[in-house]
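Asks: Sequence plus predicted model, see below.
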Amino acid sequence: MASKYQLSDDFYLKLSNKYDSAIKGEHILFNGDSAINEIEKIAITDENDNQSNTTATTTTTTTTTTIDVQLTLLKSLMHRPEIGTKPKIESSQNSNPFLKPEPELTIVDNYNDDEFKIVFNKFPVVPRHFMLITKEFKSQNTPLSPSELMATYKILQALKNQNQNQNQNQNSDQNTENWFAFYNCGPESGASQPHKHIQFMTLPSREQFKPYAETLFQNKEDDEQQQEPQKIEPKQNKDLPFAHFFIPIVADDVVDEEELPNLFSSILQKTLTELRETEQTHISYNFIMTLNYMLMIPRSKGKYGGDENKDEDEDKDKLGINSCGFQGLILCKNQELFDLVKSVGPLQILKDVGLPNSSHKTTTEYDY
C-alpha cells in the first residue's frame, strides 16, 4: 500500500511545467530578473588546543574554513511581502491567501490525507519557490508536527530522486539541484504570513556555493553516522558568532515519523532554553531542513538596523532576515541595504538578529 506521504512519480515534472505556465500567464510575478547576486567567501578560524600524552605541553592548532554568503540586490520587488514584517494574526481570516490559493499557483490540491496543499510563492526571487501549507488555518507560531516534518522530508526526497531520474533519462550532465526547506516560526523570525507554511527553494549551484552548515559540520559527519540515532546530540560551531543548533539526519532507511520529531525536539529544546535564558519576550526561531541535517537558530528580532524609534512597518531602512539569511542567502531590497551588509558584515548582522553563540555551555545547562 502506498504511503500517505507518497507523491506522484511526475511531481517534479508537474512542478516545473506548472511554474512555466504560471510565469507565462503572469500568475507568478518573478522578482529574480532584477536580482544582482554576489557571493562572499568568509574565513572562519577554528583554534583547537591539543594536549600531548607524554608531556605537559599544549599546542594550539589553527584551521581556517571558508563559508559562503550570497548577497542579493533586488532592483524591483513587484509587491513582494516584506521579510521580517510581523504577520497580522487578527486579520488572517480576511486576507489569508492560503485559505483559497489561486488554482494557477496550486501544484497539489490534496496531500497527506487532505492535510496539506502544495502551492507556489507568488513573488519568488528563485525559480519554482513553493510552499507546503496546512489546509485549515494553523498558526505560524507553533512548532512543526510529526506529519509536517515527515511531509517536508518526503517532498525533499521526491525532488532529489525525480530530478536525478530526469537528468539520467535526458542524458544530462547537469548536477542534481540542491533543495532545502525552511520554516520561519514566531513574530521575530522573518515570517510574512500567519498561516502555517513550510517553504522550499533551491540553493545556488554547488560549484559556486555551499551552505555553512555543510561546510562547518562536514568533519563531524563520520563520527555522527557511527552513533545510534537516539545518542546523537545537537552541535554548535564555536567559531560562528550566533547561537545555532545542528543535528544530522541519518540514512534514509531509518527516517520515519518517529525519528524526525525526535531530532526536531532535541534542537527545539536547546532553542527554547536559549530564548528563556536570554529573557526574550517571544518564541521565535528559524528552522532549516535538508535530507542530511536539521538546523535551528533562535531569534531576538526580525530586522537589522533602521530607526529604533520608528514603527517596524514604517521603517524601510531595516534589513529583514528570515531562515534564508541563516542559510547564507541575504536579500537586500535596495542599494543602501546592500551597502550596509557589505560594510557591517553578514555574520555581525546575523549575530545581531539572533542570540550569542552558547557553545561554551555544558549540556547539563540546557534544562528546558
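Replies: Structure's in. What do you need? Numbering: from 1, shown residues only.
Asks: mind listing the helices for the stretch 151-300 of the chain?
Replies: Taking DSSP state H, counting those that start in this stretch, the helices of the stretch 151-300 of the chain run over residues 212-217, 221-225, 259-277.
Asks: how about a markdown table for those, with distance to residue 233 and mean pLDDT added?
Replies: (Glycine included, C-beta is placed from N, CA and C.) Converted to a markdown table, these look like this (distance: least, CB to CB, whole Å; pLDDT from 0 to 100):
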| stretch | distance to residue 233 | mean pLDDT |
| --- | --- | --- |
| helix 212-217 | 13 | 81 |
| helix 221-225 | 9 | 51 |
| helix 259-277 | 7 | 97 |
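Asks: now for these, which one comes closest to residue 113?
Replies: In terms of CB to CB, the element of those nearest to residue 113 is helix 259-277, at 17.7 Å.
Asks: Give me the buried positions along the closest one.
Replies: For helix 259-277, the neighbour count (16 or more other CB atoms under 10 Å) marks 259-261, 263-264, 266-275 as buried.
Asks: same deal with stretch 323-342?
Replies: Residues 323-333, 337-338, 340-341 are the ones in stretch 323-342 that count as buried (16+ other CB under 10 Å).
Asks: Next step: those restricted to helices.
Replies: 323-326, 337-338, 340-341 (DSSP state H).
Asks: nearest to residue 290, of the residues you listed?
Replies: Using CB to CB, the shortest approach to residue 290 within those belongs to residue 323, at 12.1 Å.
Asks: Identify the residues contacting that closest one.
Replies: By CB atoms under 8 Å, 6 or more residues apart in numbering, residue 323 lies in contact with 182-184, 189-190, 199, 286-288, 297.
Asks: go again using 6 Å as the cut-off
Replies: Neighbouring residues of residue 323 by CB atoms under 6 Å, 6 or more residues apart in numbering: 182, 184, 286, 288.
Asks: now do residue 98
Replies: Contacts for residue 98 (CB under 6 Å, 6+ apart) come out as 133, 195.
Asks: and the gap between it and residue 133?
Replies: 5 Å (CB to CB, to the nearest Å).
Asks: again, but for residue 335
Replies: According to CB to CB, residue 335 stands 34 Å off from residue 133.
Asks: cool, and residue 303?
Replies: Distance from residue 303 to residue 133, by CB to CB: 24 Å.
Asks: Neighbour count for the two, which is higher?
Replies: The neighbour count for residue 303 versus residue 133, taken as other CB atoms under 10 Å, is higher for residue 133 (25 against 21).
Asks: Make sure the more buried one is actually in contact with residue 118.
Replies: No - using CB atoms under 6 Å, residue 133 makes no contact with residue 118, being 7.7 Å away.
Asks: what helix or strand does residue 19 sit in?
Replies: Here residue 19 sits within helix 11-24, counting by DSSP states H and E.
Asks: again, but for residue 63
Replies: Using DSSP H and E, residue 63 falls in strand 58-74.
Asks: chain center to that strand, what's the gap?
Replies: Taking the mean of its C-alpha atoms, strand 58-74 sits 19 Å from the chain's own mean (CA atoms, centre = their mean, to the nearest Å).
Asks: Touching it from outside, list them.
Replies: Against strand 58-74 from outside (CB under 6 Å, 6+ apart): 31, 34-51, 204, 209-210, 212, 215, 328-333, 338, 341, 346.
Asks: buried ones in it?
Replies: Neighbour-count burial for strand 58-74, counted by 16+ other CB under 10 Å, picks out 65, 67-74.
Asks: Could you do stretch 19-28 as well?
Replies: By neighbour count on 16+ other CB under 10 Å, the buried set for stretch 19-28 is 19, 22-23, 27-28.
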